[in-house]
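> For reference, the sequence and a predicted model appear below.
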Number of protein chains: 2
Amino acid sequence: MTESTPELVAAARLRNLPTRLLSLAAMHSDRRVNEALGRVDARKWHYAVLATLDEFGAASQAELSDRTRIYRSDLVAVINELTDRGFVERAADPSDRRRNVVTLTRQGRRQLLKLDKLLAELGDEVLAPLTEAEREQFTRLLTVLLRYHDQGM
Amino acid sequence: MTESTPELVAAARLRNLPTRLLSLAAMHSDRRVNEALGRVDARKWHYAVLATLDEFGAASQAELSDRTRIYRSDLVAVINELTDRGFVERAADPSDRRRNVVTLTRQGRRQLLKLDKLLAELGDEVLAPLTEAEREQFTRLLTVLLRYHDQGM
DNA sequence: TCGCAATCGTTCGTCACACTAACGTTAGTC
DNA sequence: GACTAACGTTAGTGTGACGAACGATTGCGA
């Protein structure tokens, strides 16, 4: 009814390889998130930008890129999409005409709240099999890893 | 000396989003793994196939695909690469001429041991900031997640 | 004050990866 | 002996991370 594949098991070496587990888990998680966001015509970059603007106020694209880890080149399209949807406004910075100032609109803030809820649900869904304590432990460990490698964060 | 970027911090909402942490951590990990394997002219699929053959013996490509999660279509190229390097042999299965039988060679087993060591080092490197107990906890949590979502594994 | 280097936004292109579709070949089934 | 299903293979799609180059602008040092 659900799956016709025999569901063969992987080799022990693979099952115990932490880098592989991490990769597979992230794939699943990403897929879920992308699907769910796609259903409301959003992408995770949208959320990243909206949340950043909400927390730090209007910013240049360079700053947004640094904070969200979105490449400057890719950020262009993201801002385009957000302006098309009326969630942000892009204007030339009068004090430095190389820059743009990206501003969160009222609709943008509303969308942010909507995505907040959606992503919270998704997080619960992805971490469903973990207890509350385990979830905290999990995010703590991930944070430690990121802080260590990536000097950012 | 190392980084010229100001290293801006991300928004709190993003810092606490488990799906995002997972994604970022996996990206870092994958990148390290791919780089390291690339330096010895390998890919992670190579390891997956070699390990599977070592553990379960000669197999058809369909079975390898099921066990390694590599798509049948992509597996073709992987087996090509491995035969080019002399690590596996591909022959028609006499008992079912639709299938191929993929066999691990002596060189293949040697390569597997080499990759074993390399990946163990990489695992240590990636999980460096975690204590031994935390590492076990981490892989355990990942396994729980995978087992829950993905009915395979 | 002039020239050089750096920064910003933008466009274009690349590379790898997950994933689908279609197809010829071969095996089992009724 | 026709139909269906599995196998390996080819080709193609979509996306995401990433790099190169460029015009416009700014700041800095000679």
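Okay, I see it.
> alpha carbons only for contacts and neighbour counts from here, please
OK.
> Angles on the backbone of residue A:42, please.
Reported as degrees, to the nearest 10, the phi and psi values for residue A:42 are phi -130, psi 170.
> How many residues are close by it?
Per other C-alpha atoms under 10 Å in any protein chain shown, the neighbour tally for residue A:42 reads 18.
> ok, the residue most central in space within chain A - contacts?
Note on chain A: the residue nearest the mean C-alpha position is residue A:44, at 4.2 Å, using C-alpha atoms, centre = their mean. With contact set as C-alpha atoms under 8 Å, 6 or more residues apart in numbering or on different chains, residue A:44 has these partners: A:33-34, A:37.
> Do I have it right that residue A:99 meets residue A:64?
No. Using C-alpha atoms under 8 Å, residue A:99 is not in contact with residue A:64; the gap is 11.8 Å.
> Which pLDDT does the model give the residue nearest to the centre of chain A?
pLDDT, residue A:44: 94.
> if I look at it, how far off is residue B:47?
Here the criterion is C-alpha to C-alpha, to the nearest Å. By it, residue A:44 lies 32 Å from residue B:47.
> before we move on, back to that, reformat the contacts of residue A:44 as JSON lines; add pLDDT, secondary structure and distance to DNA strand D.
Compiled in JSON lines, those are given as follows (pLDDT from 0 to 100; DSSP: H, G, I helix; E, B strand; the rest coil; distance: C-alpha to the nearest atom of the strand, whole Å):
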{"residue": "A:33", "pLDDT": "95", "secondary structure": "helix", "distance to DNA strand D": "10"}
{"residue": "A:34", "pLDDT": "94", "secondary structure": "helix", "distance to DNA strand D": "7"}
{"residue": "A:37", "pLDDT": "94", "secondary structure": "helix", "distance to DNA strand D": "10"}
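> Neighbour-wise, give me the winner out of the residues you listed.
Counting by other C-alpha under 10 Å, top hit in the contacts of residue A:44: residue A:33 with 21 neighbours.
> Please name the nearest non-neighbouring residue to that one.
residue A:122 (6.8 Å; C-alpha to C-alpha, 6 or more residues apart in numbering or on different chains).
> ok so the one you found is a strand residue?
No. If the criterion is DSSP: H, G, I helix; E, B strand; the rest coil, then residue A:122 is helix and not within a strand.
> Just give the number of residues close to it.
19.
> likewise residue A:74?
So residue A:74, with other C-alpha under 10 Å, has 11 neighbours.
> So which residues on chain A come close to DNA strand C?
A:60-63, A:72-74, A:76-77, A:98-101 (C-alpha under 7 Å from any atom of the strand).
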